[in-house]
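Enquirer: any chance you can model this:
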Amino acid sequence: MISNFPRIVRFVANFEKLGIPETLSWLTEAELAELSFWNDSSRRRQWLAGRWIAKRLVTRSSRTDSMRGVEILSRGEDGLGKSPTVSLGGIATSYRLSISHSNQAILVGITHRDARIGVDVAAGVPNTSGFRARWFSEREIKWIESDIPIRLPVAWALKESIFKACGNGSKWDPRSVELIAIEKNRVYGRMHGLDTDPLTMWIRATSSGAATAVWSNIATREVALCS
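Expert: As a prediction, this is how the structure comes out:
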């Protein structure tokens, strides 16, 4: 068990190798209801892989060894997506959870209490001047165009990671998040014109883009960063 953890980040390049059980007995009734939202088989597999990894992380960091005893829900009563909530044995917890997937890649980040975290896997980001002009500021475009193949997916993934960490349930709008500065393992951003707190970041290049994670500096002690 990982006790009093500040942060755990888990990246899996190919979830097909995880050996997720075909039986769904590890899901609660409410989670099965959320799974039924997805009709496409590939999206269902991605959803299951993200939940499997997230539940494993929670069981490792808590006093439960029951996957079904961990419930992760990310849809409101209106059916719309929301930030994931985590319950243990039916009791709400202070865990903060972020999940992203693209193709076979899965990225999960978890903290607790007041520490913010956001993750994203970006793949197939359109490499056109029109796309960049629509969704990025002049400052961001200047940074991206110094190395487009590498920096374009990184910038896109960082935008969404920051939004997940700091958006507080607002509607996703790429233009509302601006990257102000990137320094080694730290990113400075702005949301809706207001500076966010500096965030520590992790970046991993993937075969089709980039995976990124950001977290608030309250969670400074490293516990697990797996790939």
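Enquirer: so the closest residue to residue 38 other than its chain neighbours versus residue 201, what's the distance?
Expert: In space, residue 38 comes closest to residue 44 once its chain neighbours are excluded; the distance is 4.6 Å by C-beta to C-beta, 6 or more residues apart in numbering. The way it works is simple: take the backbone N, C-alpha and C, and place the C-beta from them, glycine included. Taking C-beta to C-beta, to the nearest Å as the measure, residue 44 falls 30 Å from residue 201.
Enquirer: so those two - more neighbours on which side?
Expert: Under the criterion of other C-beta atoms under 10 Å, the comparison of residue 44 against residue 201 puts residue 201 first, with 22 against 14.
Enquirer: by contact count, what packs against the helix or strand harbouring the residue nearest to residue 38?
Expert: Using DSSP states H and E, residue 44 sits in helix 41-60. Packed against helix 41-60 by the contact rule (3 or more C-beta pairs under 8 Å, 6 or more residues apart in numbering; DSSP states H and E) you find strand 8-12, helix 29-35, strand 70-75, strand 81-88, strand 95-102, strand 105-112.
Enquirer: please redo it, this time with the cut-off set to 7 Å
Expert: Applying 3 or more C-beta pairs under 7 Å, 6 or more residues apart in numbering; DSSP states H and E, we find helix 41-60 packed against strand 8-12, helix 29-35, strand 70-75, strand 95-102, strand 105-112.
Enquirer: tell me which of the ones you listed sits nearest to residue 89.
Expert: The closest of those to residue 89 is strand 70-75. By C-beta to C-beta, the value is 8.7 Å.
Enquirer: show the average pLDDT along the closest one.
Expert: The pLDDT scores in strand 70-75 average 96.
Enquirer: rewinding a little: the helix holding residue 44 vs strand 105-112, what angle?
Expert: Helix 41-60 and strand 105-112 are oriented at 30 degrees to each other (axes from the mean of the first three to the mean of the last three C-alpha atoms, to 10 degrees).
Enquirer: separation between residue 176 and residue 62?
Expert: Taking C-beta to C-beta as the measure, residue 176 falls 34 Å from residue 62.
Enquirer: which of those two has more residues huddled nearby?
Expert: Set side by side, residue 176 and residue 62 show more neighbours around residue 62, with 20 against 16, by other C-beta under 10 Å.
Enquirer: surely that one is in contact with residue 86?
Expert: No: under the criterion of C-beta atoms under 7 Å, residue 62 is not in contact with residue 86, lying 9.2 Å apart.
Enquirer: which residues sit against stretch 185-201?
Expert: 158, 162, 165-166, 176-181, 212-217 (C-beta atoms under 7 Å, 6 or more residues apart in numbering).
Enquirer: tabulate the CA atom coordinates of it in PDB.
Expert: Extracted C-alpha coordinates of stretch 185-201, given in PDB (Å, rounded to 0.1, in the frame of the first residue of the first chain):
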ATOM      1  CA  ASN A 185       9.600  20.600 -15.600                       C
ATOM      2  CA  ARG A 186       7.300  23.500 -14.900                       C
ATOM      3  CA  VAL A 187       4.600  25.200 -16.900                       C
ATOM      4  CA  TYR A 188       3.000  28.600 -16.400                       C
ATOM      5  CA  GLY A 189      -0.500  29.100 -17.800                       C
ATOM      6  CA  ARG A 190      -3.500  31.400 -17.900                       C
ATOM      7  CA  MET A 191      -7.200  30.500 -17.900                       C
ATOM      8  CA  HIS A 192      -9.900  33.000 -18.900                       C
ATOM      9  CA  GLY A 193      -7.200  35.700 -18.700                       C
ATOM     10  CA  LEU A 194      -6.200  34.900 -15.200                       C
ATOM     11  CA  ASP A 195      -2.800  33.400 -14.200                       C
ATOM     12  CA  THR A 196      -2.900  29.900 -12.800                       C
ATOM     13  CA  ASP A 197      -0.600  28.700 -10.100                       C
ATOM     14  CA  PRO A 198       2.700  27.300 -11.600                       C
ATOM     15  CA  LEU A 199       2.300  23.600 -12.300                       C
ATOM     16  CA  THR A 200       4.900  20.900 -12.400                       C
ATOM     17  CA  MET A 201       4.700  19.000 -15.600                       C
END
